Each structure stands twice: as structure tokens, then as C-alpha cells.
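K.L.:
test case, fold it:
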Amino acid sequence: MRDEASATDPPYPDGEYPAIVIDAEDGVADDGSSLTHVELALLTGPQKGSMVTVTATGALGSAIDLLGMPATLTVANGQPSFTIDS
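P.N.:
Here you go, the predicted structure:
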């Protein structure tokens, strides 16, 4: 599952970052659409241990089901997106 996201943290250099979901919370945008706030812990490289918070538009499924899932944070041209690896 891949979702465009906006990060609230400082930008990371372009690349792919293996991660794990450590927190997730469902929410609702001002326009009534579904949001999912996901907190990722990066697993490798110089950013290992960094926490990244992303907000995905649309429902990703149950926030409880996302906990502990492996993920990949991808930064391209300074824009983050992430994939929940299944």
C-alpha cells in the first residue's frame, strides 16, 4: 500500500528509508475526508532511530493493524511518501 504523505519533520535527503510503524491514529480533515497520522522509526543509515511523522490522505485501514508494520519512507525531490510493506 503506497500513500502520498506530508511530513511534519525536517526534510531528509532524497532516498529510501526502511522503517517500522510505531504509532498510527485515524483522523478527519477539515473537508471531512479520512486521514491517517503515522509515526515511523527509521531503521538504517545515518538517520537510524529518527522518528518521522507523516499524514496520509485516505484511510489506510485500522490504526491498530498498522502498528509494527514494516514500511518504506521514500523522499523524491524533497517530497515524502511511504509504503506499508506487506
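K.L.:
so which bits of the longest strand seen in the chain are buried?
P.N.:
What stands out as the longest strand in the chain, according to DSSP state E, is strand 15-28. If you call a residue buried by 16 or more other C-beta atoms under 10 Å, then strand 15-28 has these buried ones: Tyr17, Pro18, Ala19, Val21, Ala24. Every residue, glycine included, has its C-beta placed from N, CA and C.
K.L.:
show me the helices in the chain, by range?
P.N.:
For the chain, applying DSSP state H gives helices covering 63-66.
K.L.:
most distant residue from the middle of it?
P.N.:
Using C-alpha atoms, centre = their mean, the residue of the chain lying farthest from its centre is Asp31. It sits 21.3 Å away.
K.L.:
quick check, pLDDT for that one.
P.N.:
Looking at Asp31, its pLDDT is 92.
K.L.:
please report the distance of it from Pro46.
P.N.:
With the distance defined as C-beta to C-beta, to the nearest Å, Asp31 ends up 38 Å from Pro46.
K.L.:
which residue is nearest the middle of this protein?
P.N.:
With distances taken as C-alpha atoms, centre = their mean, Val54 lies nearest the centre of the chain, 4.4 Å away.
K.L.:
quick one: pLDDT of that residue?
P.N.:
You'll see Val54 listed with a pLDDT of 89.
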